[in-house]
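>>> Following is a predicted model, sequence given first.
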Amino acid sequence: MRLLRMTRDAALALAGLAVLGGVIFYVLTAPTVVPVYGRDLYMRYCASCHGISGKGDGPAAEAMQPRPADLTRLRERYGGQHPLRETIAAIDGRRPVRAHGDSAMPVWGEVFERELEEKPVGWPKATALHQVRLIAEYVLTLQP
């Protein structure tokens, strides 16, 4: 009986060490994680032009012509609605948005896709579109 208990305890200890080793291995070899929050992405890619509050008053805005859009007025511009589809299209930039006009804004869909192709991400196009959507959803939270 005592031998059985010692064998069981040793097996449990080894199993615990194996699980711990697996977790450590996963953490050390996990691919670089893309920021998943829209606010983080917005601050990284958009705030320099559109400003932290989205009013188009970022540090780079003064040097730009035309000036960056005031993103806090999107709902007003779209008759009180939250224009998620239009916001995604404007940020992605791969298809021209008629209401957006000519834009000095980068084609973020392509930028994100290129960045993701350099990292071990399985679906760069889908992940790039997801990043665009997260930014768009965050931008829509800036509405008064």
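Yep, it's here.
>>> quick one: the helices in the chain?
Counting by DSSP state H, the segments of the chain that form helices are 2-29, 38-45, 47-50, 74-77, 84-92, 108-117, 124-141.
>>> Test my guess that residue 54 contacts residue 138.
No. Using CB atoms under 8 Å, residue 54 makes no contact with residue 138, being 9.1 Å away. The C-beta positions use only the backbone N, C-alpha and C, and glycine is treated the same way.
>>> The two - which one has more neighbours?
residue 54 (24 against 20; other CB atoms under 10 Å).
>>> what separates that one from residue 47, distance-wise?
8 Å (CB to CB, to the nearest Å).
>>> ok, now which ones touch residue 88?
Neighbouring residues of residue 88 by CB atoms under 8 Å, 6 or more residues apart in numbering: 129, 132-133, 136.
>>> what's the closest of these to residue 78?
residue 136 (12.8 Å; CB to CB).
>>> Surely the closest one is in contact with residue 84?
Yes. With contact defined as CB under 8 Å, residue 136 reaches residue 84; the gap is 5.9 Å.
>>> so where's this structure uncertain?
Per-residue confidence for the chain (pLDDT under 70) gives these ranges: 11-36, 96-103, 120-122, 124.
>>> mind giving me the domain ranges of it?
1-30, 35-141 (automatic domain parsing).
>>> Please work out which of the ones you listed is packed deepest.
domain 35-141 (a mean of 16; mean count of other CB atoms under 10 Å).
>>> Off-centre distance for that domain?
Relative to the centre of its chain, domain 35-141 is centred 10 Å away, using CA atoms, centre = their mean, to the nearest Å.
>>> 477 is where my numbering starts, stick with that
With the count now opening at 477, the last piece we talked about shows up as domain 511-617.
>>> Show the contacting residues for residue 526.
Going by CB under 8 Å, 6+ apart, residue 526 touches 532-534, 537, 544-545, 547.
>>> Adding distance to residue 556, write these out as TSV.
TSV is the format used below for the contacts of residue 526 (distance: CB to CB, whole Å):
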residue	distance to residue 556
532	21
533	24
534	26
537	26
544	23
545	18
547	16
